[in-house]
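Student: let's see this in three dimensions:
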Amino acid sequence: MSVRDHITAGIGWREHQGDGPVLVALHGIGSEARAFDGVAAALPGWRVIAWEAPGYGPSTPLAMDWPVAADYATALAGFLDALSLTQVHLVGHSLGTLIGAAFARAHPQRVSTLTLASCAQGGGAQPGTLPAKQAARLDDLAALGAPEFARTRAPRLIFQPDQNPALVTAVYDGMSKIQLPGYAQAVRMLASGDLAADCAALTAPTAVIVGAEDIVTPPAQSQTAHAALPAAQRGALTLIPGAGHALHQQAPAALAAALRAQVHQGVTP
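Tutor: Got it, this is the predicted structure:
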């Protein structure tokens, strides 16, 4: 499978080329496009496009200091327009679930299927008000710098980190690249997000998957998102044993299997 990195319309993106289903992947708050390499490798023939969210990698930050999920969804719509992609399969991980659900709510005709992995429920705060938990993220980043910040947090994303040092290193590599203002914008969006509210308004077939050992976004958060989905759109809720928060890196084959199941139920663009 050929892999190429691009920048289009101010967004960096990583493309795993293929002639099959088109999957757009949205990474989490401390991650990067490269984190989906294992999933793409388990989907031979698919065209997998993983973006670098606004303010991550080479991508231009959003214009506002306090964005909400809908602002990222607008950026995603512009990015897909620039690639002439009118309809895609969409997967979001962690913070990416908030973006994916907001996009599917605003642009239902553009989403064949949606898969939410390791759901971040959001804090439901009003923009302009940063709760203590989210404020602590930015304080820690300012005090430690990105590399040390990543060193302290990366092991929490992997189940049994001592037995999986290569996976911890992969998570660290992505997290150590976070930068301002992009990370601060994402933290503020997380603080104001409300995944369940967006899920309740979805019209695309939507599946949910989570690692059974996830201590960052515990399975209960993904179960809440799944329960909020309209019955007609509610796909599978899959619990993956032996996997932590970085599900796409610790259990890429399981996530790929869930994506294949979703595509078989939807319309392949």
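Student: who does the closest residue to Phe79 other than its chain neighbours form a beta bridge with?
Tutor: Nearest non-adjacent residue to Phe79, counting by Cβ to Cβ, 6 or more residues apart in numbering: Ile11, 4.6 Å away. (Each C-beta comes from the backbone N, C-alpha and C, glycine too.) Here Ile11 sits in beta bridges with Thr8, as judged by DSSP bridges.
Student: Val111 now?
Tutor: Val88.
Student: that one touches Ala104, doesn't it?
Tutor: Yes - here Val111 reaches Ala104: they are 4.4 Å apart, a contact under Cβ atoms under 8 Å.
Student: what's the end-to-end length of stretch 173-188?
Tutor: 23 Å (Cα to Cα, to the nearest Å).
Student: what of stretch 108-125?
Tutor: Calculated as Cα to Cα, the first-to-last residue distance of stretch 108-125 is 25 Å.
Student: for that stretch, buried residues please.
Tutor: By neighbour count on 16 or more other Cβ atoms under 10 Å, the buried set for stretch 108-125 is 110-123, 125.
Student: which two in these are spaced the farthest apart?
Tutor: Ser112 and Ala125 (32.2 Å; Cβ to Cβ).
Student: ok so, going back, list residues touching both of Val111 and Ala104?
Tutor: By Cβ atoms under 8 Å, 6 or more residues apart in numbering, Val111 and Ala104 have these common neighbours: Leu90, Ala204.
Student: which element, helix or strand, includes the nearest residue to His107 once chain neighbours are set aside?
Tutor: What sits nearest to His107 in space, not counting adjacent residues and going by Cβ to Cβ, 6+ apart, is Ala77, at 5.9 Å. Secondary structure assignment for Ala77, by DSSP states H and E: helix 69-82.
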